[in-house]
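Student: model this:
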Amino acid sequence: MATRRGHQRDLRKGRFSEPGRLYHVISATRERAPLFAELASGRAVVHCLMHLEDAEACHTLAYVVMPDHIHWLLELRQFMTLPRLVQNFKINSARLVNQVRGASEVPVWQSGYFDHALRHEDDVRQIARYIVANPLRAGLVGSIREYPLWDAVWV
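Tutor: Purely as a prediction, here's the structure:
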């Protein structure tokens, strides 16, 4: 495990967070456990995303909370780095998810996360469509309207 964490740090070397930049972030639950298959747990995650929006740490453009991971398209704000934003999100959402589940300090998230900084030529709406269509591709629903844990600013 130490090697994997070291590798994750190596992947972040030389990277920086740019305020105003759009990022697609993906984070998985510990051991890909389907913790968010329970609607209340998934809503706790959404609540934490909206709290960061309200605190003006980021502007969320689209997200989907899948049973074992999350896709999040966001614009980073001036006073927050991406690693700090994701860390705050994971800490707060884990606390809230554990509270909803009646668990005490059970690990919720895998360490690390995947992020992709979008370039100006990237089609943001196409990426948002990809994000919110995840439940369809996974066969969880027949229509995105049936899935409760997603949103996009264009809807």
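
Student: number of nearby residues for the nearest residue to residue 39 once chain neighbours are set aside?
Tutor: Spatial nearest neighbour of residue 39, chain neighbours left out: residue 148 (6.4 Å); criterion: CB to CB, 6 or more residues apart in numbering. Yep, even glycine has a C-beta here, placed from its N, CA and C like the rest. Burial measure for residue 148: 13 neighbouring residues, criterion other CB atoms under 10 Å.

Student: Residue 115 versus residue 129, what's the distance?
Tutor: Distance of residue 129 to residue 115, computed by CB to CB, to the nearest Å: 19 Å.

Student: tell me the contacts of the residue nearest to residue 39?
Tutor: 39, 42, 43 (CB atoms under 8 Å, 6 or more residues apart in numbering).

Student: So between residue 129 and residue 115, which is more surrounded?
Tutor: The residue with more neighbours, out of residue 129 and residue 115 and counting by other CB under 10 Å, is residue 115; that gives 19 against 14.

Student: Which of the three states applies to that one?
Tutor: Assigned with DSSP: H, G, I helix; E, B strand; the rest coil, residue 115 falls in the strand class.

Student: so residue 104 is in which element?
Tutor: Assignment of secondary structure by DSSP states H and E places residue 104 within no helix or strand.

Student: wait, isn't residue 153 in contact with residue 63?
Tutor: No: taking contact to mean CB atoms under 8 Å, the distance of 10.3 Å between residue 153 and residue 63 leaves them out of contact.

Student: looking at this, the residue nearest to residue 39 is in a helix?
Tutor: No: assigned with three-state DSSP, residue 148 falls outside any helix and is coil.

Student: Of the contacts of residue 148, just say which sits nearest to residue 97.
Tutor: Minimum separation from residue 97 among those (CB to CB) is found for residue 42, which lies at 8.8 Å.

Student: What average pLDDT does whatever helix or strand the closest one lives in get?
Tutor: Residue 42 is located in helix 39-54, with elements delineated by DSSP H and E. What helix 39-54 shows for mean pLDDT is 97.

Student: hang on, the earlier thing: so between residue 153 and residue 63, which is more surrounded?
Tutor: Neighbours per residue, other CB under 10 Å: of residue 153 and residue 63, the larger number sits with residue 63, 22 against 12.
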